[in-house]
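K.L.:
Here is a sequence with its predicted model. Questions after.
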Amino acid sequence: MIKRFFIGFLILFLISCSKNEKPVVAFYYWKTILKLSETEKLVLKHNEVAKLYIRYFDIGQHPQTKEPIPLSPIRFQDAVTKFEIVPVVFIQNKVMLSPSLDVEDLAQKTVRLIEEISTKNKITSQEIQIDCDWTLKSKDNYLKFIESVKKLSGKKLSATIRLHQVKYFKKTKIPNVDSGVLMYYNMGAIAPDSLNSIYDQKIAERYLKSLKKYPMHLDFALPIYSWGIHIRNQKVIGLRSKMNVAELKRDSNFQQLSGIFFKAKKSNYKNGVFYEENDLLKMEVITAADLKQMAEELGENTAQQPKEIIFYDLDEFNLKNYEKNIFEQVISCF
């Protein structure tokens, strides 16, 4: 009797431990040239990062023929053989919307180019990830494409999943992949108002309860980037990357109007972009408090513990906006 009790207790203990196992830290790398800075290397080492999700290329449309073409394939200047590499391919949704798309041909060319890049750089990968914000109108082509890539590559396949695809999965369908990564950012419209398009807790609330009903395992991608929304005459004219509030405060060409809005005091160039006098920059940032709140929300609403938290994206400019142990703090919320 005592022996049975002990065995039962041990089983419950092991199950409890497995549930409480923390996810690991991983990163997306989204630059066209892979060269790690010392800061980036230190962050990877400090967080014992074993896995990098590297954007290999985008797929867009030829401006004249509208045929699918690869865009900005990555070039490696550093060896990454000590990491597990997951090639990521971003596909513009308009490619999948094309009624004349040869899905099988696109899948063959996609797998071939992934293999060429990996072979050239001595990378052996066990997984491929496809990143596409597919819609109801593009889902048939997209789902066929996923099937073809999985069959042709013979590798584990993952796909990025957006919040609307979680809530309405019976309509948008679920791609036949081994796992998904929920992109927990880019939630709102890019607009001249005061709302944050990267993360909006009120928008997130509309979708969070749907997570427990989603039938596929999800890991989570969280944002660590910031950008400026360039506004002229109350209209958005562009997104300006690699910007933060501290930098703009130091720039004598700009005047801070509020916590997030800056005005060009005179016409000037910044990072190769022309700003007319009175142009506005609306800064959208993700704070450490935002990241922890996002993690807590996801942890409370997920049916299955994530295995990975993937931060977007690995870039010294982004990393310097956070304290050293921010990534440990985030995964401790799960």
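P.N.:
Cool, the structure landed.
K.L.:
What are the contacting residues of stretch 247-259?
P.N.:
Residues from elsewhere that reach stretch 247-259, judged by CB atoms under 8 Å, 6 or more residues apart in numbering: 228, 245, 262-266, 268, 270, 275, 280-281, 283. From N, CA and C alone the C-beta is placed, and that goes for glycine too.
K.L.:
before we move on, what about stretch 117-131?
P.N.:
With contacts defined as CB under 8 Å, 6+ apart, stretch 117-131 is touched by 53, 55-57, 73-74, 76, 79-81, 84-91, 111, 114, 145-146, 149, 153, 155-160, 175, 177-178, 181.
K.L.:
Start and end of it, how far apart?
P.N.:
Using CA to CA, to the nearest Å, the end-to-end distance of stretch 117-131 comes to 18 Å.
K.L.:
So for that stretch, mean pLDDT?
P.N.:
Averaged over stretch 117-131, pLDDT sits at 98.
K.L.:
Can you mark which positions in it are buried?
P.N.:
Residues of stretch 117-131 classed as buried under the neighbour-count rule (16 or more other CB atoms under 10 Å) are 117-118, 121, 123, 125, 127-131.
K.L.:
Give me the domain ranges for this structure.
P.N.:
Segmentation of the chain into domains, based on automatic domain parsing, reads 22-225+286-331, 226-284.
K.L.:
buried sites along the host helix or strand of I203?
P.N.:
Element membership of I203 [criterion: DSSP states H and E] is helix 201-208. For helix 201-208, the buried set under the neighbour-count rule, 16+ other CB under 10 Å, comprises 204, 207-208.
K.L.:
would TSV of those residues with distance to K170 be doable?
P.N.:
Compiled in TSV, those are given as follows (distance: CB to CB, whole Å):
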residue	distance to K170
A204	21
Y207	15
L208	18
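K.L.:
which one of those sits closest to Q305?
P.N.:
Within the buried residues of helix 201-208, the smallest distance to Q305 is 16.0 Å, found for L208 (CB to CB).
K.L.:
OK, contacts around the residue lying closest to the closest one once chain neighbours are set aside?
P.N.:
Nearest non-adjacent residue to L208, counting by CB to CB, 6 or more residues apart in numbering: N301, 4.4 Å away. If you count contacts by CB under 8 Å, 6+ apart, N301 has them with 208-209, 211-212.
K.L.:
now do K31
P.N.:
The contact partners of K31, taken as CB under 8 Å, 6+ apart, are 55, 74, 315.
K.L.:
give me the element it is part of.
P.N.:
For K31, there is no host helix or strand (DSSP H and E).
K.L.:
ok, it to I69 distance?
P.N.:
When distance is defined by CB to CB, to the nearest Å, K31 is 20 Å away from I69.
K.L.:
Same question for L281.
P.N.:
33 Å.
K.L.:
Pull up the pairing partners for the biggest strand by length in the chain, direction included.
P.N.:
In the chain, ranked by residue count with DSSP state E as the criterion, the top strand is strand 51-61. Strands that pair with strand 51-61, judged by DSSP bridges, come out as strand 24-29 (parallel), strand 68-71 (antiparallel), strand 84-91 (parallel).
K.L.:
closest to A189 out of these?
P.N.:
strand 84-91 (20.5 Å).
K.L.:
any idea how far that closest one is from the chain center?
P.N.:
Taking CA atoms, centre = their mean, to the nearest Å, one finds the center of strand 84-91 at 11 Å from the center of the full chain.
K.L.:
Tell me which helix or strand comes right after that strand.
P.N.:
helix 93-97.
K.L.:
next SSE after that next one?
P.N.:
The C-terminal neighbour of helix 93-97 among helices and strands, as given by DSSP H and E, is helix 103-120.
K.L.:
just the angle between that following helix and strand 51-61, please?
P.N.:
For helix 103-120 against strand 51-61, the angle by axes from the mean of the first three to the mean of the last three CA atoms, to 10 degrees is 140 degrees.
K.L.:
Show me which residues of helix 103-120 are buried.
P.N.:
Using 16+ other CB under 10 Å as the test for burial, helix 103-120 gives 103, 106-107, 110-111, 113-115, 117-118.
K.L.:
Farthest pair within those?
P.N.:
Comparing all pairs in the buried residues of helix 103-120 by CB to CB, the longest separation belongs to V103 and S118, at 22.6 Å.
K.L.:
Find the helix or strand that L182 is a member of.
P.N.:
Once you assign secondary structure using DSSP H and E, L182 falls within strand 179-183.
K.L.:
in stretch 237-251, what counts as buried?
P.N.:
Of the residues in stretch 237-251, those with enough neighbours to count as buried (16+ other CB under 10 Å) are 240, 243-245, 247-248, 251.
K.L.:
Am I right that L52 is in contact with K82?
P.N.:
No. With the criterion set as CB atoms under 8 Å, L52 and K82 do not qualify as a contacting pair; they are 10.1 Å apart.
K.L.:
So for these two, which residue has more residues nearby?
P.N.:
For L52 versus K82, neighbours defined as other CB atoms under 10 Å are more numerous around L52 (20 against 7).
K.L.:
show me the contacts for that one.
P.N.:
If you count contacts by CB under 8 Å, 6+ apart, L52 has them with 26-29, 80, 83-86, 314.
K.L.:
Cool, thanks, signing off.
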